[in-house]
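J.: return a 3D structure for these sequence lines:
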Amino acid sequence: MAQTHFGFTNVDESEKAGRVRGVFDSVAKRYDVMNDVMSMGLHRVWKAYTVAVANLKPGDKVLDIAGGTGDLALAFARKVGDAGLVLHTDINEAMLRTGRDRLLDAGLALPTTVCDGEKLPFKSGSFDLVSVAFGLRNMTHKDLALAEMCRVLRPGGRLLVLEFSRVAEPLRKPYDWYSLNVLPLMGKLIANDSASYRYLAESIRMHPGQAELKAMMQSAGFGHVDVHNLTAGVVALHAGIKC
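T.: Predicted structure coming up:
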């Protein structure tokens, strides 16, 4: 059986999706609170920047993969209006349910479906924009997922990947100490779950850096890829255009 990583641990490929599902089942109800605490609110700025780069127009069709608690889906829906479509998806039902309820509380009923980013159940060329925020690093076969995202985009459509990345060298040691020591402690104190937040911190270290992810997107069929480093590279937004 082929091996892959689950944080710093090697596991059989067939096990990873189930383990990741367990992590997000555990953190779903406290996910938004933990995001604010862990990023000191910066995740809201990163997502707002992503929405600005998306530059959506009324009537556009958007697929939000690993949409979780619905931050981006809500913002995108306000841009595309009633004539457009925002499909809110996640592989994890607990996260998706939390996001759906949050969207309904905001007065917005979006089509919502459980969806595996590596096997998208949509026709080719269906969307103007595909987004995945803080979800790609949890996928087992990132190359397959990127190829699927490219497939469902129309020619000239765009993929936005917002993800933790490689922080600038002067900040690397303090950032590593913070994320590998403080985040699990916060998880224990706020969500009573240190193990899940230890995995989330470790998964950042195992995710491809800016240049490697750009090359992967180009191999998947994106002819032009821009990389936007945010907060000294703590997070990077990769914006690809389908050939």
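
J.: give me the distance between residue 55 and residue 75.
T.: When distances are taken as C-beta to C-beta, to the nearest Å, residue 55 and residue 75 turn out to be 12 Å apart. Yep, even glycine has a C-beta here, placed from its N, CA and C like the rest.

J.: ok, residue 140 next?
T.: From residue 140 across to residue 75, the span is 28 Å (C-beta to C-beta).

J.: more neighbours: which of residue 55 and residue 75?
T.: Neighbours were tallied for residue 55 and for residue 75 using other C-beta atoms under 10 Å; the higher tally belongs to residue 75 (18 against 10).

J.: while we're on that one, how confident is the model there?
T.: At residue 75, the predicted lDDT confidence score is 97.

J.: and residue 23, what does it touch?
T.: 196, 199, 200 (C-beta atoms under 8 Å, 6 or more residues apart in numbering).

J.: doesn't the last one fall inside a helix?
T.: When you say that, I think you mean residue 200. Yes: under the criterion used here (DSSP: H, G, I helix; E, B strand; the rest coil), residue 200 sits inside a helix.

J.: apart from its neighbours in sequence, what residue is nearest residue 225?
T.: Closest residue to residue 225 apart from its sequence neighbours, by C-beta to C-beta, 6 or more residues apart in numbering: residue 240 at 4.4 Å.

J.: give the bridge partners for the one you found, please.
T.: Residue 240 has these beta-bridge partners by DSSP bridges: residue 159, residue 225.

J.: now do the same contact list for it.
T.: Residue 240 touches 150, 158, 159, 161, 217, 218, 222, 224, 225, 226, counting by C-beta under 8 Å, 6+ apart.

J.: turn those residues into TSV, including distance to residue 67.
T.: Below are these laid out as TSV (distance: C-beta to C-beta, whole Å):
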residue	distance to residue 67
150	19
158	17
159	14
161	13
217	20
218	25
222	21
224	25
225	22
226	22
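
J.: tell me the buried residues within the contacts of residue 23.
T.: Among the contacts of residue 23, those that count as buried by neighbour count (16 or more other C-beta atoms under 10 Å) are 196, 199, 200.

J.: how about these in TSV, adding distance to residue 36 and pLDDT?
T.: What follows is those, written out as TSV (distance: C-beta to C-beta, whole Å; pLDDT from 0 to 100):
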residue	distance to residue 36	pLDDT
196	17	85
199	20	89
200	15	86
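
J.: tell me the one among those residues nearest to residue 87.
T.: Each of those was checked against residue 87 using C-beta to C-beta; the closest is residue 200, at 25.2 Å.

J.: need the strands for this protein, in chain order.
T.: 3-6, 9-12, 61-65, 85-90, 112-114, 127-133, 153-164, 222-230, 235-242 (DSSP state E).

J.: strand partners of the fourth one, parallel vs antiparallel please.
T.: Listed by DSSP bridges, the sheet partners of strand 85-90 and their directions read strand 61-65 (parallel), strand 112-114 (parallel).
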